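Novice: Just to be clear, the model below is a prediction. Sequence and coordinates:
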Amino acid sequence: MWQNGTISYTPDRPAAIYLIGAAVIDVLVRPASEEIFRSGSCPAEQIHMSPGGDAMNEAAVLASLGRKTELCTVIGADTAGEVIEARCKSLGIRLDPGCKREDLSTGINVVLVQENGERSFFTNPKSSLRRLTLNDIPAPFPEGYGILCFASIFVFPDIGPGELESLFRQAKRQGMLVCADMTKRKKKESLADLAPALSYIDYLFPNEEEACLLTGAKDAKEAAGLLWEAGVSNVVIKCGERGCLIRNQEICETVPAVRQEVCIDTTGAGDSFAAGFLYALSEGRSIRECAGFANQCGARAVACMGATDWTASIGRRS
C-alpha cells in the first residue's frame, strides 16, 4: 500500500467509520529537559500545537486517507474547541454540533518529548478529556457506518464495563464491526470485569503494557491468548519496535515493525497504528494485511513532531 514513499489512495467504500473518544489540544515541547526546573528558562528545538486525543488522531488519519469518518466527542465552547472544529471541517470529519458544551473547557495536554521520542504528559482531568458519558453518544448509531471504534477504553470514568457492553451490543445489533483501543486501566479493572463487553469486540488494539496489566499476563503472547479466550475475536497487540502480535482462532503470530531510522516523537503513534488498521479493515483486507499497514502508519508517525502531522505526506490517487 506504500508507493514511492506515499500511501496509495482508493475511493471510499461502504464501510465508513464511526469513532468515539477524546479530542483535545496537544502542546508539544521537544526536547524537554529537567534543566527548566533549575534555570527557570530553557530553549527548546520545537514547540508545537495541534489537535490531539485518541479519537481525534484516528479520525484525522482516516480522513486524510480518504475514509468517511464521524467523530463522537465532547469539547468546550472556547478557543481550543474552535481549533478542533476547524481541523475537523478542513479534513471533512463530521462532528456533531451537540458536542460543544458551555459547561466544559476543552482539554489541553502539555506533552514533554525527550530526545529519544518518548514522552510524558500534563493533563487536566477536569477538562473535556474525561467527560464523555453514555448520554453524549447517540443510540442507535447513525446509519451508513460499517465500523464502530471506541478509541480508548478506561479514559472516561463514566463509561465503565457495563456502559461499554451496552454500546457494543447496540453496534452489533446494527450490523457494525466493533473495534476498540485502550489505555492503562484506572481502577484496577480485571479481565473478568471487562469480559461481557469484550465478547462483542471484533478487533482490540491494546499495547503490550496495557494488555498485560488488564490480564495479569507476563508478555504479549500470553495476554493475547487470555483476551481471545475472554471473547475478543481478533486481538492486535502493539509491541513498539517489535511490530504487533495478532491472535484469533486460526493464527497467533508477530507482524514485524517497519524499520524507521528516525524517532522524533512517539505521540499518537498508537493512534496512527489503529487508524491504519481500521482503514485497511474497511477495504476488506486480511488481518495480516491490516497489521502490516498499521505498522507502516505507526512508523511514519514517530518520524514527525505531533500526532498526525505525518499525514501531510499522504499521496491520493483517484
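Specialist: Received, thanks.
Novice: rest of the way, CA atoms for contacts and neighbours
Specialist: Noted.
Novice: count of residues packed around K89?
Specialist: With neighbours defined by other CA atoms under 10 Å, the count for K89 comes to 12.
Novice: for this structure, what's the longest strand?
Specialist: The strand that spans the most residues within the chain, counting by DSSP state E, is strand 145-153.
Novice: any idea how far R300 is from C252?
Specialist: Distance, R300 to C252, using CA to CA, to the nearest Å: 25 Å.
Novice: what's the answer for Q114, then?
Specialist: Distance, Q114 to C252, using CA to CA: 34 Å.
Novice: Next: A195.
Specialist: Distance from A195 to C252, by CA to CA: 20 Å.
Novice: Validate this expectation: P51 resides in a strand.
Specialist: Yes. Under DSSP: H, G, I helix; E, B strand; the rest coil, P51 sits within a strand.
Novice: who's in contact with it?
Specialist: P51 sits next to A23, V24, I25, D26, N57, V83, I84, R87 when contact means CA atoms under 8 Å, 6 or more residues apart in numbering.
Novice: Contacts only, for the first one.
Specialist: Pointing back at A23 there. 51-57, 73-75, 84, 107, 129.
Novice: Just the pLDDT for it.
Specialist: Here, the pLDDT recorded for A23 equals 97.
Novice: Which stretches in the protein count as helices?
Specialist: 36-39, 54-64, 79-91, 161-173, 191-198, 208-215, 220-229, 269-282, 287-302 (DSSP state H).
Novice: how far off helix 54-64 does the last one point, in degrees?
Specialist: Helix 287-302 and helix 54-64 are oriented at 100 degrees to each other (axes from the mean of the first three to the mean of the last three CA atoms, to 10 degrees).
Novice: Low-confidence regions, the stretch 51-200 of the chain specifically.
Specialist: Under the criterion of pLDDT under 70, none of the stretch 51-200 of the chain is flagged as low confidence.
Novice: Go again with 90.
Specialist: Scanning the stretch 51-200 of the chain for pLDDT under 90 picks out 96-98, 111, 113-121, 124-125, 152.
Novice: Make sure R131 is actually in contact with T73.
Specialist: No. The pair R131 and T73 does not pass the contact test of CA atoms under 8 Å, sitting 9.1 Å apart.
Novice: Comparing these two, which residue is more hemmed in?
Specialist: T73 (25 against 21).
Novice: if I look at the more buried one, how far off is F277?
Specialist: For T73 relative to F277 (CA to CA), the value is 21 Å.
Novice: got it, and D136?
Specialist: 26 Å.
Novice: So for these two, which sits in the more crowded spot?
Specialist: A count of neighbours by other CA under 10 Å puts F277 above the other of D136 and F277, at 27 against 14.
Novice: How about the contacts made by that one?
Specialist: C290, A291, F293, A294.
Novice: what's the distance between the closest residue in space to the third one that isn't next to it in sequence and K172?
Specialist: So that's F293. Excluding the flanking residues, the one nearest F293 by CA to CA, 6 or more residues apart in numbering is G276, at 5.9 Å. For G276, the distance to K172 (CA to CA) stands at 22 Å.
Novice: out of those two, which sits in the busier spot?
Specialist: More crowded of G276 and K172, by other CA under 10 Å: G276, with 25 against 16.
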